[in-house]
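Colleague: Need the 3D shape of this:
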Amino acid sequence: MAQSDSPRLKKLSPDEIVANPENPRLVFRQEEMENLMVSIANYGIQVPVSVFKDGEQYVLIDGERRWRCARKLNLRIMPALVQEKPSELQNLLLMYNIHALREQWDYFTIASKLERIISLVEEEEGYIPTEKQLSERTGLTRGAIRRCQLLLDLPDRFKKMLTAELELPKSRQKLSEDFFIELERSLKTVTNRLPEFCGDIDEIRDALIGKYRKGVITAVTDFRQLSKIATAIQNLGIKEKTARAALKKVFDPDNEVNITHTYESTVEFGYDERKASLQVHSLTDFLEEIFEEERQDELDDEFIEALTQLRKELNKLLRSLK
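Modeller: This next block holds a predicted model:
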């Protein structure tokens, strides 16, 4: 889109304006809209909407909530900045760069048009954009794009479930975007390590959703422990059948066992032992460096006291192992 033409401020009737079909925003929460409507009723529209002319009508670029409120309030006119009409790809990228980083936007909202952007870039510019290129074009971080992709890859049934949840006020959302992002990350790891679970993946989702609704699974971050159980086959050398059996218990909708209990009873000690081993190696390297550089006199009393306590604990442990 050419940058030479400056936007023109006009007074337009809300009836002359139409919603942008490429706006990724899917949900307009009632409570938020009511608060904005009260503000507009009292003080008017202080920030003009942005539009472009398309035939006899004006298409929104920015300000759909203000426009919706103006229509509900039957405002006769509203301020609008009229910009040059963009191409389809430019229109989509405008939507992202104007809106996508706003705090009230949901990841599912942001994700909804990413596939179309990829398709248009391939069609108009002849290449499939990488994650890095998408980040540069849309203004999204690469982490945000990966989170969006997890939501885009959800089967339609679960997308509808998420959409219904997003219509609720944030405080009442149970199956939030964070829930599905953590769930999908963990299931991706599980199925990569143990492909036999792929065939039952929708039933597994249903079971985990049910357990979360009932409070058997208490936090969305618990799903990270599923990944640790699956990766313990390689990281800790536990038997594949042990990991498989543990995960099957968690995935069984009739079994009240939760993720944390399963994690603690199977692999937590192994991960703690591995972490301690790394810390011991690091301490050993540090002590060797002290002796090589003859810096023993520089050690403070607190560190020496900690080493003394460590020696006592090590002596107890080594005596018990004899």
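
Colleague: C-alpha from now on. contacts and neighbour counts both.
Modeller: Noted.

Colleague: what are the ranges of the strands in this protein?
Modeller: If DSSP state E is used as the criterion, the strands of the chain fall at 8-12, 17-18, 49-54, 57-62, 78-83.

Colleague: What does the pLDDT read for D285?
Modeller: The model reports D285 with a pLDDT of 90.

Colleague: for W105, same thing?
Modeller: For W105, the model assigns a pLDDT of 63.

Colleague: Start at 471, not 1
Modeller: Got it, first residue is 471 now, which makes that one W575.

Colleague: To E762, which of the strands of the chain lies closest?
Modeller: In this view, the strands of the chain are compared for proximity to E762 by CA to CA, and strand 527-532 is the closest at 65.0 Å.

Colleague: List the buried residues in the closest one.
Modeller: The neighbour-count check on strand 527-532 (16 or more other CA atoms under 10 Å) flags 528-532 as buried.

Colleague: with those in mind, which one is nearest to D755?
Modeller: Distance ranking of those against D755, using CA to CA, places D532 first at 57.9 Å.

Colleague: I'd assumed F522 was in contact with the closest one.
Modeller: No - taking contact to mean CA atoms under 8 Å, the distance of 10.1 Å between D532 and F522 leaves them out of contact.

Colleague: contacting residues for the most centrally placed residue in the chain?
Modeller: Among the residues of the chain, R617 comes closest to the average C-alpha position under CA atoms, centre = their mean, at 4.2 Å. Contact partners of R617, counting by CA atoms under 8 Å, 6 or more residues apart in numbering, are 577, 651.

Colleague: Burial check on R683, number of neighbours?
Modeller: The number of residues packed near R683 is 13, by other CA atoms under 10 Å.

Colleague: got the end-to-end distance for stretch 476-491?
Modeller: With CA to CA, to the nearest Å applied, stretch 476-491 spans 24 Å between its terminal residues.

Colleague: picking up where we left off before, mind putting the strands of the chain into a markdown table with distance to T633?
Modeller: Listed next are the strands of the chain as a markdown table, based on distance: least, CA to CA, whole Å:
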| stretch | distance to T633 |
| --- | --- |
| strand 478-482 | 33 |
| strand 487-488 | 23 |
| strand 519-524 | 26 |
| strand 527-532 | 22 |
| strand 548-553 | 30 |
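
Colleague: quick one: pLDDT of the residue nearest to the centre of the chain?
Modeller: According to the predicted model, the pLDDT of R617 comes to 90.

Colleague: What of the one 5 residues further on?
Modeller: Predicted confidence (pLDDT) at L622: the value is 88.

Colleague: ok, for it, nearest residue in space, not its chain neighbours?
Modeller: The shortest distance from L622 to any residue other than its chain neighbours is 6.6 Å, reached at A581 (CA to CA, 6 or more residues apart in numbering).

Colleague: among the strands of the chain, which is nearest L636?
Modeller: strand 527-532 (21.1 Å).

Colleague: That closest one - which strands sit beside it in the sheet, and in what orientation?
Modeller: strand 487-488 (parallel), strand 519-524 (antiparallel) (DSSP bridges).

Colleague: would you turn those into TSV with mean pLDDT and distance to Q779?
Modeller: Putting these into TSV (pLDDT from 0 to 100; distance: least, CA to CA, whole Å) gives the following:
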stretch	mean pLDDT	distance to Q779
strand 487-488	96	72
strand 519-524	92	67
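
Colleague: Dump the ones you listed into TSV; add mean neighbour count as well.
Modeller: As requested, the strands paired with strand 527-532 are arranged in TSV below (neighbours: other CA atoms under 10 Å):
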stretch	mean neighbour count
strand 487-488	18
strand 519-524	19
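
Colleague: got the ones you listed as JSON lines, with distance to T701 columns?
Modeller: Conversion of the strands paired with strand 527-532 to JSON lines gives the following (distance: least, CA to CA, whole Å):
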{"stretch": "strand 487-488", "distance to T701": "51"}
{"stretch": "strand 519-524", "distance to T701": "50"}
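
Colleague: Nearest to G680 among the ones you listed would be which one?
Modeller: Closest to G680 of these is strand 487-488 (CA to CA; 40.9 Å).
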